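# pasting a predicted model and its sequence here:
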Amino acid sequence: MNIKIFSDSAAMSQAVAHVAATALQSQLATSGAARIIAATGASQFGFLAALAKAPGIKWSNVEMFHLDEYAGLPITHPASFRKYLLERFIQPTGIAKFHLLNAESDLDTLCAQVGAKLNLAPIDVAFVGIGENGHLAFNDPPADFETEEPYLVVELDQACRQQQVGEGWFMDLAEVPRQAVSMSIRQILKARKIFCIVPDLRKAQAVRNCLEGPVSPLAPASILQTHPDVTIFLDRASASLLANPPVESNEN
């Protein structure tokens with residue numbers, strides 16, 4: 001596991017975008033196509049904006065899969081991750097092939113249908129984050145580390161739901177859906193390369209638990225310690241509780 005720390009979230013976002021763009025350019029040059037997983041949430045704003053502006057990526061040859069979505073939330077709702085991805089990533093880049101999770105009806109059918117498309121070929125790059133409760137996608141603790149299903153219907157715990165209120169997506173806890181569709185832990189780990197983007201002080205305890213603690217379903221993102229090609233991108237704030245932080249990076 002490679003950990004990189006930057007002075008602030010802006011520097012971190014630019015650095016991740018540069019590394020991600022290089023990885024996508026290499027994949028496109030090698031095979032003519034790239035398959036990616038995109039995360040959402042407030043922590044990804046800067047990174048996705050920077051990546052969308054990166055030159056030299058033939059987005060028409062990139063296929064994108066959606067990491068997670070709230071159950072029953074319409075695409076018109078400000079918290080909809082479909083809306084988020086369309087406005088912040090798909091439309092700015094011109095990605096031609098994408099698979100969004102419409103979790104407004106039959107969730108089991110949705111999981112099966114999008115999961116089947118996901119498993120047609122390997123994922124080249126996954127962009128993920130870590131939640132305040134240590135979740136990976138919407139796999140809240142204790143996460144299911146065993147299932148091979150590509151997508152799951154999951155119950156959101158109170159800490160996860162409260163985070164969504166704290167980030168301003170919902171007015172109060174009662175508005176936050178109690179269920180979501182999430183890519184499974186094992187499916188995320190199948191990606192050839194994982195970039196985990198985690199800025200902000202509010203994530204510092206989860207970062208410490210997941211990166212320096214034991215691999216445990218109680219700290220779902222700790223599973224990233226087992227992946228052969230994962231890079232964790234932190235800012236000074238999110239890395240502030242690490243007992244053994246690496247030297248701060250000067251990459252641009």
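Happy to help now that I have it.

# which residues does stretch 67-84 contact?
37-40, 66, 100-104, 107, 128, 137-138, 153, 164, 169-170, 176-183, 188 (C-beta atoms under 8 Å, 6 or more residues apart in numbering). Yep, even glycine has a C-beta here, placed from its N, CA and C like the rest.

# just the buried ones from those residues?
37-40, 66, 100-104, 107, 128, 137-138, 153, 164, 169-170, 176-177, 180-183, 188 (16 or more other C-beta atoms under 10 Å).

# mind checking which of those residues land in helices?
The members of the buried ones among the contacts of stretch 67-84 that map onto helices under DSSP state H are 107, 164, 188.

# OK, contacts around the closest residue in space to the first one that isn't next to it in sequence?
I take that to be residue 107. Sequence neighbours aside, residue 153 is the residue nearest to residue 107 in space, at 4.8 Å (criterion: C-beta to C-beta, 6 or more residues apart in numbering). Contacts for residue 153 (C-beta under 8 Å, 6+ apart) come out as 71, 107-108, 111, 179-181.

# just residue 199 next, same as before
Counting by C-beta under 8 Å, 6+ apart, residue 199 touches 9, 12-13, 43, 46, 234-235, 237-238.

# nearest to residue 1, of those residues?
Top of the list for closeness to residue 1, among the contacts of residue 199 and by C-beta to C-beta, is residue 234 at 12.0 Å.

# count the neighbours of the closest one for me.
Residue 234: 29 surrounding residues under other C-beta atoms under 10 Å.

# for it, what are its contacts?
So residue 234 contacts 3-6, 12, 198-199, 207 (C-beta under 8 Å, 6+ apart).

# so which of the contacts of residue 153 belong to strands?
179-181 (DSSP state E).

# low pLDDT regions in this structure?
250-252 (pLDDT under 70).

# chain center to the lengthiest helix in it: distance?
Using DSSP H, we find that the single longest helix of the chain is helix 9-31. Put simply, helix 9-31 sits 15 Å off its chain's centre (C-alpha atoms, centre = their mean, to the nearest Å).

# what packs against it?
In terms of contacts (3 or more C-beta pairs under 8 Å, 6 or more residues apart in numbering; DSSP states H and E), helix 9-31 is packed against strand 2-6, strand 34-38, helix 45-53, strand 125-128, strand 193-198, strand 230-235.
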